[in-house]
Every structure is written in structure tokens, then in C-alpha cells.
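**Student:** Build me a structure from this.
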Amino acid sequence: MANESSDVMARIEREKTTYLEELKDYLRIPSISTDPAYGSEVLRCAGFALERMREAGLTAQLLETAGYPLVYGEWLGAPGQPTLLFYGHYDVQPVDPVELWRHDPFEPTEEGDELVARGATDDKGQSFAQLKGVAATLAERGALPVNVKFILEGEEESGGESIDAFVRADAGARLSCDAVVVSDSSMFAPGQPSLLYGLKGLQYVEIHVTGPNRDLHSGTFGGAVANPANALAHIISRLRDAESGRILVPGFYDDVLPLADWEREDWARLPHDDAAYMKELGVTELSGEAGYSTLERAWARPTCDVNGIWGGYQGHGAKTVLPATAGAKVSMRLVPHQKPADVARRFREYVASVAPAGVSVEVKSVHGAPPVLVEIDGELAAAAMAAQEDVWGKAPVKVREGGSIPVVGTFSQVLGVPILLVGFGLPDDRLHSPNEKFNISHFYNGIRTVVRLLERAARG
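**Tutor:** Below is the predicted model:
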């Protein structure tokens with residue numbers, strides 16, 4: 001690692017326990033944006049992030065939106081130097097099923113090198129590492145080698161509509177920068193840093209099936225009245241071909257950008273092991289679209305998955321009813337150049353065409369995000385890769401990711417600058433699942449990576 005950062009690195013080593021305790025306080029706030037019952041906690045979390053920015057030495061404020069506030073901070077004391085805009089989110093996923101957690105989801109617990117809590121890796125731990133890298137540099141030197149801006153949102157896990165509207169209205173005024181740095185993703189493997197150049201998009205829908213005007217006795221009315229739960233099962237069974245794994249919605253693949261030959265060749269050389277992958281996940285077989293490898297399906301082919309199903313009696317024992325209603329939540333992960341609104345329309349039309357008689361069906365679009373491919377050439381991308389190699393001791397690999405970060409496409413479109421997707425998590429971090437974790441060593445190395453990025457990005 002270059003000597004010019006040795007003073008800041010020494011400070012990080014001295015203060016890293018304090019940083020970890022601050023992160024634990026951050027994680028204790030149950031900022032679940034998708035559930036209105038937690039609205040006051042989301043606001044409290046925004047206030048926490050605001051105070052940490054100010055303590056770091058940034059000029060910071062809350063920016064009100066139609067939803068939860070954005071937390072914005074800046075330090076612009078390096079005239080003539082590039083400006084990096086750091087992005088993250090302070091909201092988290094729901095914790096259900098809570099009984100599968102080993103500890104209280106909002107009481108961060110150390111298990112060896114792992115810090116277990118909701119939001120640990122997605123995205124409080126990773127974005128807090130960004131802030132602490134800037135804070136350590138300012139505390140040690142009183143200045144930064146480049147200009148920085150931070151923007152944290154509170155709705156990434158519930159659609160990201162507010163930040164999307166803000167970025168488009170701002171049109172690069174407050175948020176003007178030379179690159180956006182996003183740490184909300186995983187490294188390829190332990191010890192192997194990554195620079196992401198592609199994220200899947202998302203179209204999330206709900207299917208609502210309605211039958212009789214009340215629940216009916218399954219003996220008295222069974223066989224005579226259409227069962228909405230059966231109808232829902234029929235609809236779901238028609239979404240994908242069981243043999244090929246192909247999605248059956250007409251026109252679904254029309255706009256899909258095929259994988260380039262160089263991508264398939266590069267990814268085939270990555271040290272991925274299907275057997276180890278299955279063992280870690282506790283499954284005996286992998287499935288998906290025929291003709292593609294596991295990495296190709298996960299990173300660059302579209303998907304259609306049921307995320308939740310409801311209808312009928314869910315309690316203990318038996319209750320013999322035909323439910324009046326049934327429903328499902330479905331996510332479709334999209335790839336370049338698919339358009340969420342177009343996919344939603346095709347899905348709605350297809351579901352209507354395969355729905356059985358005797359029930360009414362409504363498809364509601366919940367939210368969507370476009371897929372993203374970003375350029376990873378140029379001086380700042382090279383600086384990001386060099387910073388990763390400085391800290392991790394290995395050159396990063398260039399990969400795509402199956403997840404979605406809705407605002408990344410908006411940043412790319414509106415700001416027109418490189419998007420540097422530099423994550424510090426791992427594929428086994430269990431994000432969105434019980435016992436989510438973030439490796440403590442990765443939290444510290446994330447801080448160090450930001451310090452080196454600030455150095456590497458400076459001109460002259």
C-alpha cells in the first residue's frame with residue numbers, strides 16, 4: 001500500500017473499535033421503509049446519519065421529499081480536483097421470518113469476524129464505511145485530496161421514487177460530480193475485489209385473484225365454484241416452462257441484450273464452483289434457463305420469480321374453505337435493454353389470457369427500475385481499481401450483479417458521469433434474509449479502500 005496514506009491508516013487502526021460501535025448504533029435503528037409502522041424510525045435513522053456526517057466534517061442537511069428525506073453532505077475544499085459523489089441508503093428490508101434469526105435483528109451481534117444484524121451489509125455497513133474513510137482523512141489531515149458529496153436515501157428498499165424525482169429535478173445542480181461511488185454490492189469472493197459494470201433492472205407486481213363474495217365451505221361448494229387459490233396456482237404454473245426454464249410471457253425476451261463473447265469467456269475463467277455454491281445454499285440442484293451457466297443466468301439473463309403467496313387459511317390445523325381471494329407477489333429481474341413498463345404491460349396481458357374462468361384477476365405494478373450497464377474505463381475507474389488492489393492485494397475482476405439499485409440508472413442518465421460500483425460485501429452475506437451479516441474485516445477494509453480512492457482520484 002502506498003506510503004502517502006500511512007498516517008490515515010494508522011488513525012483507522014487506532015479508532016476502528018469506535019467506528020464499529022458507531023455502526024452498531026446505526027444498525028439498532030429499525031428503519032424499515034416499506035412498512036408505514038416504522039415511519040418514525042426511518043426518520044430517526046435519517047437524523048442519525050445527518051449527525052454522523054456533521055461529525056465527520058461535512059456540511060450536511062436533510063432534503064425533504066414526497067417520501068422519506070435524503071441526507072446530503074459535502075466537503076468542497078479542493079478546488080481544481082475531481083468531485084466524488086458517494087451514494088448509499090439508510091433504510092433496510094423487513095426482518096420476516098423473525099423466528100429464524102439467531103438474535104434480535106436490530107441488536108448487532110458479533111459472531112467471530114461477522115457482524116449479524118438487519119442492514120449490516122445492505123447498506124448501512126457499506127455506506128458507513130464510505131463516510132468513515134472520509135472522516136478519518138479529514139480528522140488526520142484537516143483536508144481531502146478531492147471534493148466529496150454524500151447522498152443517502154431512505155426508500156431504496158421500497159422503490160426509490162423520491163431520490164429518482166430529486167435527481168431528475170436537480171439535473172446536476174447540487175449533485176454535479178465527476179463520478180458516483182456506490183458501495184451496495186458484493187465482492188466476487190473472499191479476498192477477490194470486484195468492479196461492477198452491470199446491474200439488473202426490476203419490475204415488481206402483485207397478482208390479485210378474486211372469486212366468490214365470501215369464503216365458502218369446501219364441501220358444500222367445492223367442485224361448483226372456482227377457487228381463487230387454485231386459479232392463482234394455475235396462473236403461476238404458466239409463467240415459466242418447466243423444461244427449459246424460459247419465461248412464457250410473449251415478447252418477454254424481445255429486447256434482451258445478448259451476452260458478448262468476451263463476457264462469457266471472462267466469466268468462465270472466474271473461480272466459480274457450482275458444487276460449493278449448492279452446498280453453501282443447502283440445495284441439491286441448480287435450475288434456470290437452459291443453455292447458460294450459473295453466473296450467466298444470475299448476472300445477465302432475465303428472471304421471473306414468485307416472492308410471496310397468500311390466500312385461504314394459514315393457521316394451525318384444518319379449516320375447509322374455498323378462499324374468496326388469493327394473491328402473489330412477483331419480481332422480474334430485467335437485463336439491458338428491457339424496459340420495466342413494457343414488461344409490466346406484457347405480463348398483465350399474458351396473465352389475463354391464461355386466467356381460468358370464474359375469477360377476476362388484477363395485476364398491480366408496485367415499482368420498477370431499469371437495468372444498467374456502466375462504462376468502467378477512464379481515470380476514475382482506474383483509480384477505483386487501483387485503490388481496491390492497494391487494500392486487498394489483488395486486482396479486481398469486472399463482473400455484473402443480479403441485484404438492482406434503482407437510482408444507479410438515473411445517476412447515469414442524468415449526471416452523465418462514471419458510476420463506480422465498489423462493494424465490500426460477500427455473496428454469503430444473507431442480504432434480505434434472516435441473519436444478514438457483514439464481515440467486520442471487510443468494514444475496516446472498506447474504510448481503507450475509500451481512503452486510497454480519495455488519494456488515487458486526485459489529479460497531479
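**Student:** Just the helices from the stretch 151-300 of the chain, written as ranges.
**Tutor:** Using DSSP state H, counting those that start in this stretch, the helices of the stretch 151-300 of the chain run over 161-170, 228-237, 261-268, 274-281, 294-300.
**Student:** For the first one, list the C-alpha coordinates in CSV.
**Tutor:** Translated: helix 161-170. The C-alpha trace of helix 161-170 is given here as CSV (Å, rounded to 0.1, in the frame of the first residue of the first chain):
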residue,chain,number,x,y,z
GLU,A,161,-39.1,7.1,-6.1
SER,A,162,-38.1,10.1,-4.0
ILE,A,163,-34.5,10.1,-4.9
ASP,A,164,-35.3,9.4,-8.5
ALA,A,165,-37.5,12.5,-8.6
PHE,A,166,-34.9,14.6,-6.8
VAL,A,167,-32.1,13.7,-9.1
ARG,A,168,-34.1,14.4,-12.2
ALA,A,169,-35.3,17.8,-10.8
ASP,A,170,-31.8,18.7,-9.6
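**Student:** Please compute how far it lies from its chain's middle.
**Tutor:** Offset of helix 161-170 from its chain centre (C-alpha atoms, centre = their mean, to the nearest Å): 18 Å.
**Student:** and of the helices of the stretch 151-300 of the chain, who's closest to A369?
**Tutor:** With C-beta to C-beta as the criterion, A369 lies closest to helix 161-170 of the helices of the stretch 151-300 of the chain, at 8.6 Å. From N, CA and C alone the C-beta is placed, and that goes for glycine too.
**Student:** Mind giving me the packing neighbours of the closest one?
**Tutor:** strand 70-75, strand 147-153, helix 406-415 (3 or more C-beta pairs under 8 Å, 6 or more residues apart in numbering; DSSP states H and E).
**Student:** relative orientation of it and strand 70-75 in degrees?
**Tutor:** With axes from the mean of the first three to the mean of the last three C-alpha atoms, to 10 degrees defining the directions, helix 161-170 sits at 50 degrees from strand 70-75.
**Student:** buried ones in helix 161-170?
**Tutor:** Buried residues in helix 161-170, counting neighbours by 16 or more other C-beta atoms under 10 Å, are found at E161, S162, I163, D164, F166, V167, D170.
**Student:** now what about that helix, what contacts it?
**Tutor:** Helix 161-170 has contacts (C-beta atoms under 8 Å, 6 or more residues apart in numbering) with 63, 65-68, 70, 151, 153-156, 175, 367, 406-407, 410-411, 414-415.
**Student:** quick one, that helix and strand 147-153 angle?
**Tutor:** 140 degrees.
**Student:** With distance to K24 and mean pLDDT added, can I get the helices of the stretch 151-300 of the chain in JSON lines?
**Tutor:** Shown next, in JSON lines, are these (distance: least, C-beta to C-beta, whole Å; pLDDT from 0 to 100):
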{"stretch": "helix 161-170", "distance to K24": "26", "mean pLDDT": "96"}
{"stretch": "helix 228-237", "distance to K24": "41", "mean pLDDT": "98"}
{"stretch": "helix 261-268", "distance to K24": "37", "mean pLDDT": "95"}
{"stretch": "helix 274-281", "distance to K24": "27", "mean pLDDT": "95"}
{"stretch": "helix 294-300", "distance to K24": "32", "mean pLDDT": "97"}
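**Student:** P323: which of the ones you listed is closest?
**Tutor:** Nearest to P323 among the helices of the stretch 151-300 of the chain is helix 228-237 (5.4 Å), distances taken as C-beta to C-beta.
**Student:** where does the chain dip in pLDDT?
**Tutor:** Flagging of the chain using pLDDT under 70 yields the residue ranges 1-3.
**Student:** for stretch 185-194, the distance to its chain's centre please.
**Tutor:** With C-alpha atoms, centre = their mean, you get 15 Å for stretch 185-194.
**Student:** hmm, back to that, tell me which of the helices and strands packed on helix 161-170 sits most buried.
**Tutor:** strand 147-153 (a mean of 26; mean count of other C-beta atoms under 10 Å).
**Student:** any idea how far Q130 is from L58?
**Tutor:** 12 Å (C-beta to C-beta, to the nearest Å).
**Student:** give the contact list for E389.
**Tutor:** P193, A395, P396.
**Student:** So which of those residues is the closest to L257?
**Tutor:** If you rank the contacts of E389 by distance to L257 using C-beta to C-beta, P396 comes first, at 23.2 Å.
**Student:** check contacts around the closest one.
**Tutor:** Q192, P193, S194, L195, M385, Q388, E389.
**Student:** May I ask which two of those residues are separated the most?
**Tutor:** Going by C-beta to C-beta, the pair spanning the contacts of P396 furthest: Q192 and M385, at 12.7 Å.
**Student:** Those two: who's more crowded?
**Tutor:** The neighbour count for Q192 versus M385, taken as other C-beta atoms under 10 Å, is higher for M385 (22 against 17).
**Student:** Distance to E379 added to the helices of the stretch 151-300 of the chain, as CSV?
**Tutor:** Output for the helices of the stretch 151-300 of the chain, formatted as CSV (distance: least, C-beta to C-beta, whole Å):
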stretch, distance to E379
helix 161-170, 24
helix 228-237, 49
helix 261-268, 23
helix 274-281, 36
helix 294-300, 26
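**Student:** Relative to G308, which of the ones you listed is closest?
**Tutor:** Per C-beta to C-beta, nearest to G308 of the helices of the stretch 151-300 of the chain: helix 228-237, 11.6 Å.
**Student:** Mind listing what's buried along that closest one?
**Tutor:** Neighbour-count burial for helix 228-237 [16+ other C-beta under 10 Å]: P228, A229, N230, A231, L232, A233, I235, I236.
**Student:** of those residues, closest to E111?
**Tutor:** Using C-beta to C-beta, these come closest to E111 at I236, 37.0 Å.
**Student:** What separation do you get for the spatially closest residue to I32 that is not a sequence neighbour and P228?
**Tutor:** Among residues not flanking I32 along the chain, Y38 sits closest, at 4.2 Å (C-beta to C-beta, 6 or more residues apart in numbering). As judged by C-beta to C-beta, Y38 and P228 stand 31 Å apart.
**Student:** Any chance of TSV for the helices and strands packed on helix 161-170, columns distance to P212?
**Tutor:** Below are those laid out as TSV (distance: least, C-beta to C-beta, whole Å):
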stretch	distance to P212
strand 70-75	46
strand 147-153	43
helix 406-415	38
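**Student:** Tell me the one among the contacts of P396 nearest to W310.
**Tutor:** Checking those against W310 by C-beta to C-beta gives S194 as the nearest, at 37.1 Å.
**Student:** element containing M385, please.
**Tutor:** Using DSSP states H and E, M385 sits in helix 379-392.
**Student:** next one: I447
**Tutor:** Going by DSSP H and E, I447 is in helix 440-457.
**Student:** can you pull the buried residues of that helix?
**Tutor:** For helix 440-457, using 16+ other C-beta under 10 Å, the buried residues are 440, 442-457.
**Student:** now that helix and strand 147-153, what's the angle there?
**Tutor:** Using the same axes, to 10 degrees: helix 440-457 against strand 147-153 is 140 degrees.
**Student:** for helix 440-457, packing partners?
**Tutor:** Short answer (3+ C-beta pairs under 8 Å, 6+ apart): helix 440-457 packs on helix 6-27, strand 83-89, strand 114-116, helix 125-141, strand 179-182, helix 379-392.
**Student:** Sounds good, over and out.
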